[in-house]
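Visitor: based on what follows, work out the 3D shape:
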Amino acid sequence: MRTKSKSAPVGVITKVLTILELLDGAPHGLQLRDLAEKTGLNKSTVHRFASHLEAEAYLFRDHSGTYTLGPKLSQMGGGSSFQAT
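Guide: Numbers count the residues shown, from 1 in each chain. I've put the predicted structure just below:
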């Protein structure tokens, strides 16, 4: 009998990375509806991912509901010594 894996399916990771990459290219941030439109994901799916990322400080949401990259991503990127060639 095969047991279910507790790891996230690759599709979920791809969707989350797509959201992060979109926000990386939008210095002024994006609203939830814009993220859903640009990713082609359901608004509820984007909201679920974004809410979790916000709770973990990977995203920041301002008073108007605009999402930007959060401090945790800045810290991670700032400490990196790897450079793509």
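
Visitor: host element of the closest residue to Val16 other than its chain neighbours?
Guide: What sits nearest to Val16 in space, not counting adjacent residues and going by C-beta to C-beta, 6 or more residues apart in numbering, is Phe49, at 5.4 Å. From N, CA and C alone the C-beta is placed, and that goes for glycine too. Secondary-structure assignment from DSSP states H and E places Phe49 in helix 43-55.

Visitor: who does the helix or strand following that helix pair up with?
Guide: Using DSSP H and E, the helix or strand that follows helix 43-55 towards the C-terminus is strand 59-61. Strands that pair with strand 59-61, judged by DSSP bridges, come out as strand 67-69 (antiparallel).

Visitor: just give me the residue right at the centre of the protein.
Guide: In the chain, the centroid-proximal residue (C-alpha atoms, centre = their mean) is Leu20; its distance is 3.8 Å.

Visitor: okay, the helix holding Phe49 in PDB with CA atoms only?
Guide: The C-alpha coordinates for helix 43-55 follow below in PDB (Å, rounded to 0.1, in the frame of the first residue of the first chain):
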ATOM      1  CA  LYS A  43      -8.800  34.700  -7.300                       C
ATOM      2  CA  SER A  44      -9.500  32.400  -4.300                       C
ATOM      3  CA  THR A  45      -6.400  30.400  -5.000                       C
ATOM      4  CA  VAL A  46      -4.200  33.500  -5.200                       C
ATOM      5  CA  HIS A  47      -5.800  34.800  -2.000                       C
ATOM      6  CA  ARG A  48      -5.000  31.500  -0.200                       C
ATOM      7  CA  PHE A  49      -1.400  31.500  -1.300                       C
ATOM      8  CA  ALA A  50      -0.900  35.300  -0.800                       C
ATOM      9  CA  SER A  51      -2.500  35.100   2.700                       C
ATOM     10  CA  HIS A  52      -0.100  32.400   3.800                       C
ATOM     11  CA  LEU A  53       2.900  34.200   2.300                       C
ATOM     12  CA  GLU A  54       1.900  37.400   4.100                       C
ATOM     13  CA  ALA A  55       1.500  35.500   7.400                       C
END
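
Visitor: surely the residue nearest to Val16 meets Leu17?
Guide: No: Phe49 sits out of contact with Leu17 when judged by C-beta atoms under 8 Å, with a separation of 10.3 Å.
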